[in-house]
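# No letters, just coordinates:
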DNA sequence: CTCCAGGGGGCCA
DNA sequence: TGGCCCCATGGA
């Protein structure tokens, strides 16, 4: 038993050895993590950084700053991330919900499950975005699953992650890894880093083959 | 030119 | 539930 546990830790060690700590989430404040989490939906981080800088320059990277702007003006500021109309709406939805719930301080005291439900109730906040916020902004142990996670697990032939439910994969990690915020943060960041370098969609995944070989050679 | 990026919601069978 | 479609800019 717990073969999976060792395998998951092994993959983590290999990735960490290969790439080093990724230092996620790149943000100056927890609130900036929330904003970035929405802006980066199906969008490269490079473009998100630009939008964040523009928001900072215009002094609207705050709850009040986002509230004072109407959707149209906010959309103009974040144009470079794409989907700017929906994302502007989502940012306002998020801030309005934060205030309704009593602010981040209050939310941070909730249990992880309750916090997750409140975030998921906000239009524009799905599971991946909610979990990214919970892990990287509120620093509670929850494992973030994304397309890269599915792709890597599938190509390692560990399981057919593409057909699994989001929460099924999430709990698989959470039940087979120490409940450690730093570990979860780093693990997800490393999966993304690795996928971006080696597991593009079209080419065969050389990177996963390398990892798989390393895992096979490693002593369990 | 095409493909993709640190997704999510609405609609319909 | 599962499959589509839409949102849209910017880099490779």
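The structure has been received and is ready for your questions. As the structure is a prediction and not an experimental result, all values here were calculated from the model.
# count of residues packed around residue A:158?
16 (other C-beta atoms under 10 Å). Glycine gets a C-beta too; all of them are placed from N, C-alpha and C.
# for chain A, what spans make up the helices?
Taking DSSP state H to define them, one finds helices in chain A at A:3-19, A:30-39, A:45-57, A:63-68, A:71-77, A:84-101, A:104-108, A:112-120, A:127-136, A:147-155, A:166-175, A:181-198, A:206-217.
# contacting residues for residue A:107?
Residues near residue A:107 by C-beta atoms under 8 Å, 6 or more residues apart in numbering: A:98, A:101, A:115, A:118, A:138.
# Can you tell me the closest non-neighbouring residue to the fourth one?
If you skip the residues right next to it in sequence, residue A:118 has residue A:101 as its closest partner in space, 6.0 Å away by C-beta to C-beta, 6 or more residues apart in numbering.
# and the one you found, how many neighbours?
16.
# That one against residue A:117, yeah?
No - at 11.2 Å, residue A:101 does not count as touching residue A:117 under the criterion of C-beta atoms under 8 Å.
# Now the common contact residues for the two.
Joint contacts of residue A:101 and residue A:117 (C-beta under 8 Å, 6+ apart) do not exist.
# that older thread, out of the contacts of residue A:107, who's nearest DNA strand C?
residue A:118 (21.1 Å; C-beta to the nearest atom of the strand).
# Local confidence estimate at the closest one?
Note for residue A:118: predicted pLDDT of 98.
# Ok, residue A:4 next?
pLDDT, residue A:4: 89.
# Quick one: residues contacting it.
A:172, A:176.
# ok, 6 Å please
Residues near residue A:4 by C-beta atoms under 6 Å, 6 or more residues apart in numbering: residue A:176.
# List phi and psi for the closest residue to DNA strand B within chain A.
Here chain A gets closest to DNA strand B at one residue, residue A:126, 2.4 Å apart by C-beta to the nearest atom of the strand. When read as degrees, to the nearest 10, the backbone of residue A:126 gives phi -90, psi -170.
# Next one: it from residue A:9, what distance?
Distance, residue A:126 to residue A:9, using C-beta to C-beta, to the nearest Å: 28 Å.
# Those two: which is more packed in?
residue A:9 (16 against 13).
# Poorly predicted segments of chain A, please.
A:1, A:200-220 (pLDDT under 70).
# Show me how it divides into domains.
In terms of domains, chain A is parsed into A:3-23+A:144-217, A:30-136 (source: automatic domain parsing).
# was I right about residue A:91 contacting residue A:65?
No - the criterion here is C-beta atoms under 6 Å, and residue A:91 misses it with residue A:65 at 10.1 Å.
# residues from chain A in reach of DNA strand C?
Within reach of DNA strand C by C-beta under 7 Å from any atom of the strand, chain A has these residues: A:42-44, A:46-47, A:75, A:79-87.
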